[in-house]
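*Asks:* make a model of this:
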Amino acid sequence: MKTLIVIAGPTASGKTAAAIQLAKQLDTVIINADSRQFYKEMRIGTAAPTPQELHEVKHYFVHNISIFNDYDVATYEKQVMKLLPKLFAKHDQVVLTGGSGLFIDAVCKGIDVMPNISKETRERVSKLLEEQRLKGLQAEVQRLDPEYWVIVDQKNPRRLQRALEVCYQTGKTFTSFRVKKTAPRDFAIVKYALLWDKQELYNRINRRVEVMLSQGLIDEARELYPFRRFNALNTVGYKELFDYFDGKCTLEEAVEQIKLNTRHYAKRQMTWLRKDQEYIWIKPSAGDCITFPSVNPSDSKLSRNKS
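*Replies:* Presented below is the predicted three-dimensional model:
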């Protein structure tokens, strides 16, 4: 049975290293499911795989599009599902890794069918964003769909807009449209998630931010500053530095805010992952080395075959 092996976890948990370790062990390839690592202009601030890591193992969907391209989870799901048969023709297992739970779920479970949204509803939500900015969207999503509010990227206006469009259009929660039956897949799926103690994870996050800064994050953000209104750049690590460039805070304050917002993001990622009972949680040992309990779908109750 061909098997897709998922390696998930919060930001800074060591997913890239774990995926490379396993891919080399299995002599296979990696599909990226971190939605910000798709963008070729965002290399440092997204902690994308380094040139050396990309050389060690073949990666797909890393730096494959530009911030100027329109791209969404539905497009990603279609492209991955088109690619997987070609990869499975050469490999018995393929590794899928990243921190974007929505994109992982799209590959493993399919895309939810959402209602059509009228022009009037889109304009209503756009007007809310224009008049009340991000805080207006946040307040409405929290009010209308508190269940989705807990797991959504609360700083991502496009995700919030989409949820509100569905709420306004139908009078129902966005969550209610996200409970359809899982789409059948003709391969098995085994899911792992990396587990760290909270303080250990926070320390890793803080260290990674410092490493990014030493690698030139400020210069990268400055180059992208003219395009700061693009949705792709509404991302932790960039938006805080944009505020610094705008004179809204000091550099030290921006750096501390990056660390804080990254910790908040990690908490939301953990909430998302814990809702999925299919994950096997594993804790890395010294040097981020990981012992995977099983990569054989026949050994795991979590494997799912085509029905």
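*Asks:* switch to C-alpha atoms for all contacts and neighbour counts from now on
*Replies:* Noted.
*Asks:* domain assignment for this protein?
*Replies:* With automatic domain parsing as the criterion, the domains of the chain are listed as 3-112+180-299, 119-177.
*Asks:* roughly how far out does the first one sit from the chain middle?
*Replies:* Computed by Cα atoms, centre = their mean, to the nearest Å, the chain-centroid distance of domain 3-112+180-299 equals 5 Å.
*Asks:* low-confidence ranges in this structure?
*Replies:* Applying pLDDT under 70 to the chain flags the ranges 179-181, 286-289, 294-307.
*Asks:* any idea which residue sits dead centre in it?
*Replies:* When the chain is reduced to its mean C-alpha position, the nearest residue by Cα atoms, centre = their mean turns out to be residue 100, at 1.6 Å.
*Asks:* can you tell me the SS state at the residue lying closest to that residue once chain neighbours are set aside?
*Replies:* Nearest non-adjacent residue to residue 100, counting by Cα to Cα, 6 or more residues apart in numbering: residue 34, 5.1 Å away. Under the three-state scheme (DSSP: H, G, I helix; E, B strand; the rest coil), the conformation of residue 34 reads as coil.
*Asks:* residue 192 now?
*Replies:* strand.
*Asks:* near it, how many other residues are there?
*Replies:* 20 (other Cα atoms under 10 Å).
*Asks:* for residue 204, same thing?
*Replies:* Neighbourhood size, residue 204 [other Cα under 10 Å]: 17.
*Asks:* does it belong to a helix, a strand or coil?
*Replies:* Assignment for residue 204 (three-state DSSP): helix.
*Asks:* please name the residues that touch it.
*Replies:* Contacts for residue 204 (Cα atoms under 8 Å, 6 or more residues apart in numbering) come out as 12, 13.
*Asks:* heads up, I number from 28, so please use that
*Replies:* With 28 as the first residue, the last one maps to residue 231.
*Asks:* gap between it and residue 172?
*Replies:* Distance of residue 231 to residue 172, given as Cα to Cα, to the nearest Å: 32 Å.
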